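Colleague: All I have is the shape, not the residue letters:
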């Protein structure tokens, strides 16, 4: 049911059975003596003419409309996320869209990393084509490349050293040698509207031994996670295995010097029309199903070294999973 | 109350009195015998320790959480949009941010229009630097320029001829001479996160007489609207005057040949941290207040000619309003 503004576009574009005019319902409500009909007056008419008294709504349905509908005698029951369970299991068409966005994401990642690779260490700075290399400059290279490829990236992360310890810090200022640089991209195709999501961590210069060990632990924990993913698997078991693996390398999680350090986020999340959607690979209880596409992105964050995170996207299959991310994992560039 | 993932960033960035750890509340809930505490278990503890039993929530508050809280005996009352009424009245700082985004929006509009101006008409196409000028090419010029200026534009509209009759059609394919081209930009600053919004309509080539008259009517109705805007004015009166003005030029609104034609959207909307926010200048009942920043964007859309829309942003003052948009209005370029 659309406003006059959107009515014809909805008729042309929406893949639904019928598109109704909100203003027609408003006219009918006025004829019934409601001088300024609101959306619920129109919805009331719509439901009444179909004999509907009981409605299932998403968990996020607005309280105001819920209260108004209940006040008119409708039974409302909310359904936990995901409202459309089909969204969790990707069709071949959707898989194609996500693969396409991922391919473009890897192109942009490739450009970013090749600039860091070709940069020159001078003191505690990196220089590329005679200019200081900054987070912003790398982010621009990525975002422009993605725009060329009909993708939009927001909040692209290029975070160096301790900046990377806050997994959502987008990063700013000059990049530094001998420190981990986390690059995390999650663009959406402006054509298909499907997202992809990937992260790599690189170092330009000499890698401290503890950082090498962190990287090794993150790679191992990711491999452990990926090896467990298959149809029917409890996602919590995957997450716990990833956590345990990081711990087995000696990397503890908790509050150290007043801030969270170690591994303090989920292992992964579903992706599709939203960048984060169910199923989640975390402490929440999801069972993985054939056709899910999920990220696997363990990380370690320590204030004295910086952050390391590696993220791939995988397609859950009957026997295991297929890694949709083909970009190599190399710490030193 | 933040997850471990966001806790330290919230402490560093949020302008609130205190940042609480969700996982601390989860631990306390576990100690009280709840094995897998949900968000409402934590919120319940938070509210209980403050003796809060009655809560005001936004109209969009999720039904699921509302039902859970009410089930535990809390009184929930929803408040109609805007929840934070202060957001409607802009501070000097906010005005500065919006002006800044607007200035950048005008720079991008200027580049787009200068390319159309410098293009050459050949048959029913426009050529610029030997290549066919398309909606996509203009949109790229705009979006890249805005990215240079630290703004992000989504859904930038460059719609030619009858495409423009659907006010939200983003436009595609070659631009055409002798037809109206609607350019509508509403970028957000990635730094301040404040939006601006502006629209211009231009023609390259010869303008049909009826289109000239449509343009004149839209300009006049916009002037009428702007002349009425001041502190204390009923926004509905502004909208009705704009509609009446368009009608007085002989332009009717309604369903013609099965589609909505004429002027079938609101006159304007508030703008700030959202691109559309209250107050609205439409059939909805808002009273304009000093410090509101609203768009004034009448339009006319006819399937045989195309669309014309002109949009400025104004700051409501005690005596009238100040137009924040300085970019000229010229139909033929």
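Modeller: Received it, and whenever you're ready, just let me know what you need. The model shown is predicted, which means the values in this text are computed figures rather than measured ones.
Colleague: so where does residue A:140 fall, helix or strand?
Modeller: Per DSSP states H and E, residue A:140 falls inside helix A:135-148.
Colleague: So which residues make contact with that helix?
Modeller: When contacts are taken as Cβ atoms under 8 Å, 6 or more residues apart in numbering or on different chains, the neighbours of helix A:135-148 outside the stretch itself are A:104-105, A:107-109, A:111-112, A:115-116, A:128, A:131, A:152-153, A:156, A:158-160, A:163, A:170-175, A:183, A:185, A:187, B:140, B:143-144, B:147. Glycine gets a C-beta too; all of them are placed from N, C-alpha and C.
Colleague: mind redoing it with 6 Å?
Modeller: Here helix A:135-148 makes contact (Cβ atoms under 6 Å, 6 or more residues apart in numbering or on different chains) with A:108, A:111-112, A:153, A:156, A:158, A:171-172, A:187.
Colleague: same check, this time on stretch A:263-276
Modeller: A:167, A:186, A:193, A:195, A:197, A:225, A:239, A:242, A:246, A:253, A:277-282, A:293-297, A:300, B:4-5.
Colleague: For that stretch, list every residue counted as buried.
Modeller: Judged by neighbour count using 16 or more other Cβ atoms under 10 Å in any protein chain shown, the buried positions of stretch A:263-276 are A:263-272, A:275.
Colleague: Narrow those residues to those in strands?
Modeller: Secondary structure from DSSP state E places A:268-270 of those in strands.
Colleague: These into CSV, with extra columns for distance to residue A:88 and pLDDT?
Modeller: Formatted as CSV, those follow (distance: Cβ to Cβ, whole Å; pLDDT from 0 to 100):
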residue, distance to residue A:88, pLDDT
A:268, 13, 98
A:269, 11, 98
A:270, 6, 98
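Colleague: count of neighbours near residue A:242?
Modeller: The burial count assigned to residue A:242 is 29, neighbours taken as other Cβ atoms under 10 Å in any protein chain shown.
Colleague: and what of the one 4 residues further on?
Modeller: Under the neighbour criterion other Cβ under 10 Å, residue A:246 is assigned a count of 24.
Colleague: ditto for residue A:285
Modeller: Applying the criterion other Cβ under 10 Å, we find 11 residues in the vicinity of residue A:285.
Colleague: next one: residue A:208
Modeller: Here the number of neighbours of residue A:208 (other Cβ under 10 Å) works out to 16.
Colleague: Tell me the spacing between it and chain B.
Modeller: 23 Å (Cβ to the nearest Cβ, to the nearest Å).
Colleague: what does residue A:129 give?
Modeller: Counting by Cβ to the nearest Cβ, the gap from residue A:129 to chain B is 18 Å.
Colleague: just the helices in the stretch 151-300 of chain A please.
Modeller: Using DSSP state H, counting those that start in this stretch, the helices of the stretch 151-300 of chain A run over A:209-228, A:235-248.
Colleague: Tell me the buried residues in the helix holding residue A:140?
Modeller: Counting neighbours by 16+ other Cβ under 10 Å, one finds that the buried residues in helix A:135-148 are A:135-147.
Colleague: ok, the residues you listed vs residue B:258, which is closest?
Modeller: residue A:147 (37.4 Å; Cβ to Cβ).
Colleague: where does the stretch 1-150 of chain A come near chain B, residue by residue?
Modeller: Counting by Cβ under 6 Å from any Cβ of the partner chain, the residues of the stretch 1-150 of chain A lying close to chain B are A:4-5, A:8-9, A:59-64, A:66, A:78.
Colleague: Can you say which of those are buried?
Modeller: The neighbour count (16+ other Cβ under 10 Å) marks A:4-5, A:8-9, A:61-64, A:66, A:78 as buried among these.
Colleague: Now intersect those residues with the helices, please.
Modeller: A:4-5, A:8-9, A:63-64, A:66 (DSSP state H).
Colleague: Tell me which two of those residues sit farthest apart.
Modeller: Pairwise over those, using Cβ to Cβ, the maximum falls at A:8 and A:63, 32.1 Å.
Colleague: Tell me where the stretch 1-150 of chain A has helices.
Modeller: Listed in chain order, the helices found in the stretch 1-150 of chain A under DSSP H, counting those that start in this stretch are A:4-13, A:22-31, A:39-49, A:63-71, A:92-117, A:135-148.
Colleague: Tell me the one among the buried residues of stretch A:263-276 nearest to residue A:84.
Modeller: Distance to residue A:84 across the buried residues of stretch A:263-276 (Cβ to Cβ) is lowest for residue A:272, with 10.5 Å.
Colleague: pLDDT at the closest one, what is it?
Modeller: Among the per-residue scores, residue A:272 holds a pLDDT of 97.
Colleague: gap between it and residue A:196?
Modeller: 10 Å (Cβ to Cβ, to the nearest Å).
Colleague: same thing with residue A:323?
Modeller: Summarising the geometry, the distance separating residue A:323 from residue A:196, computed by Cβ to Cβ, is 13 Å.
Colleague: Count the neighbours of residue A:110 for me.
Modeller: Applying the criterion other Cβ under 10 Å, we find 15 residues in the vicinity of residue A:110.
Colleague: related to what we said a few turns ago, among residue A:323 and residue A:196, which residue is more densely surrounded?
Modeller: Neighbour tally, residue A:323 and residue A:196, criterion other Cβ under 10 Å: the higher count belongs to residue A:196, 28 against 14.
Colleague: For the more buried one, which residues are in contact?
Modeller: Contacts for residue A:196 (Cβ under 6 Å, 6+ apart) come out as A:101-102, A:105.
Colleague: again, only this time at 8 Å
Modeller: For residue A:196, the set of contacting residues under the criterion of Cβ under 8 Å, 6+ apart consists of A:98, A:101-102, A:104-105, A:185-187, A:271, A:313.
Colleague: Wait, residue A:161 touches residue A:175, no?
Modeller: No: taking contact to mean Cβ atoms under 8 Å, the distance of 9.0 Å between residue A:161 and residue A:175 leaves them out of contact.
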